[in-house]
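Chemist: build the 3D model from these lines:
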Amino acid sequence: MQNGFEEFQKIGKNNVEAAVKSFGAMSKGFQAIATEIADYSKKAFEDGTTAAEQVISSKSIDKAVEAQSSFLRASYEGYVGQASKIGELYVGAAQEAYKPIETVVQAAQKVAK
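Modeler: Down below sits the predicted model:
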């Protein structure tokens, strides 16, 4: 009976440790994502400001349309690239958060056999 209780305590301790490690990994992942989004937002704002200045200072309608089109194209390409990068960060965070849980699950499967 005592041996069963000690085993139960050990399993509980391992589960808590895995949950803490998993939470820490997710926290780091979300922090990296937030930093990336903040950096992208700052750059997008600066690029938008620069583009607006170019459009306003254009000497002709053609130059204004050209500047606006160039900005839109660059913005779209930047957004698609950033969305891809953020997606990769989410996947990486999920994988890192799952690693401690995976260890516990594998140990539980061994005990169950």
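
Chemist: now do the helix or strand E102 falls within, average pLDDT.
Modeler: Per DSSP states H and E, E102 falls inside helix 61-112. Helix 61-112 carries an average pLDDT of 90.

Chemist: please state the offset of it from the chain centre?
Modeler: 6 Å (CA atoms, centre = their mean, to the nearest Å).

Chemist: against which helices or strands is that helix packed?
Modeler: helix 2-56 (3 or more CB pairs under 8 Å, 6 or more residues apart in numbering; DSSP states H and E). Bear in mind the C-beta positions are built from the backbone N, C-alpha and C, glycine included.

Chemist: packing partners of the helix it packs on?
Modeler: helix 61-112.

Chemist: what angle separates the helix it packs on from helix 2-56?
Modeler: For helix 61-112 against helix 2-56, the angle by axes from the mean of the first three to the mean of the last three CA atoms, to 10 degrees is 180 degrees.

Chemist: burial count for G29?
Modeler: Neighbour count for G29, taken as other CB atoms under 10 Å: 19.

Chemist: my bad, A67
Modeler: Other residues lying near A67 total 19 when counted by other CB under 10 Å.

Chemist: what about the closest residue to it other than its chain neighbours, how many residues nearby?
Modeler: With CB to CB, 6 or more residues apart in numbering as the criterion, A67 has its nearest non-adjacent residue at 4.2 Å, and that residue is Q54. The local packing of Q54 (other CB under 10 Å) involves 16 other residues.
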